[in-house]
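>>> no sequence on this one, just coordinates:
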């Protein structure tokens, strides 16, 4: 789920609403968002297809082979997760611990989030294109890591 957020620029609600049919040959179709555990429109009420690298496609295909639900990331009962449900809170808790970033959230993983944007000057943001999703994992990870290094240093100092 974290790779998907970072590499596509999708919001957590959009990821929770993804279905098997959204994995297309040319990328990932983002056309819905989760709202209180039910499908809803995306924030801007538009659908988009985002390119995904082969490595992410492989991860998603392996993940989908493990279950037969229509949603990509279903609850154990096959339903859509609610953004605040216990499972997702545990996912974030484990990620905070592993990354040693106490205020890590799903929003931090999305390149266009406000936290990410504040970490970079407006000029650099416009010229580097890091707000957009990228098809090469290494490029996206390097941009995301560079933008968050200062934040990590301040959160772990002390």
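Alright, I've got the coordinates. All figures in this text were calculated on a predicted structure; none of them were measured in a lab.
>>> pLDDT weak spots in this structure?
Within the chain, the ranges that satisfy pLDDT under 70 run 110-158.
>>> recalculate using a threshold of 80.
Along the chain, the model assigns pLDDT under 80 to residues 6, 104, 107-158.
>>> show me where it has its helices.
Applying DSSP state H to the chain gives helices spanning 2-8, 12-16, 54-65, 86-99, 106-109, 114-118, 122-128, 137-156.
>>> counting by contacts, list what the shortest one packs against.
Of the remaining helices and strands, those touching helix 106-109 by 3 or more Cβ pairs under 8 Å, 6 or more residues apart in numbering; DSSP states H and E are helix 2-8, helix 114-118. Heads up, the C-betas are built off the backbone N, CA and C, glycines and all.
>>> same question for that helix: list its buried residues.
106, 108, 109 (16 or more other Cβ atoms under 10 Å).
>>> before we move on, what about the fourth one?
For helix 86-99, burial by neighbour count (16+ other Cβ under 10 Å) applies to 88, 91, 95, 96.
>>> cool, and the first one?
Neighbour-count burial for helix 2-8 flags 3, 4, 5, 6, 7, 8 (criterion: 16+ other Cβ under 10 Å).
>>> tell me which of the buried residues of helix 86-99 is nearest to residue 69?
residue 88 (16.5 Å; Cβ to Cβ).
>>> is it true that the closest one touches residue 75?
No: using Cβ atoms under 8 Å, residue 88 is not in contact with residue 75; the gap is 10.0 Å.
>>> so what's in contact with these two at the same time?
Residues touching both residue 88 and residue 75 (Cβ atoms under 8 Å, 6 or more residues apart in numbering) are residue 81.
>>> give me the contacts around stretch 71-79.
Outside stretch 71-79, the residues within contact range by Cβ under 8 Å, 6+ apart are 1, 15-20, 22-23, 37, 60, 63-64, 67, 69-70, 80-81, 85, 87.
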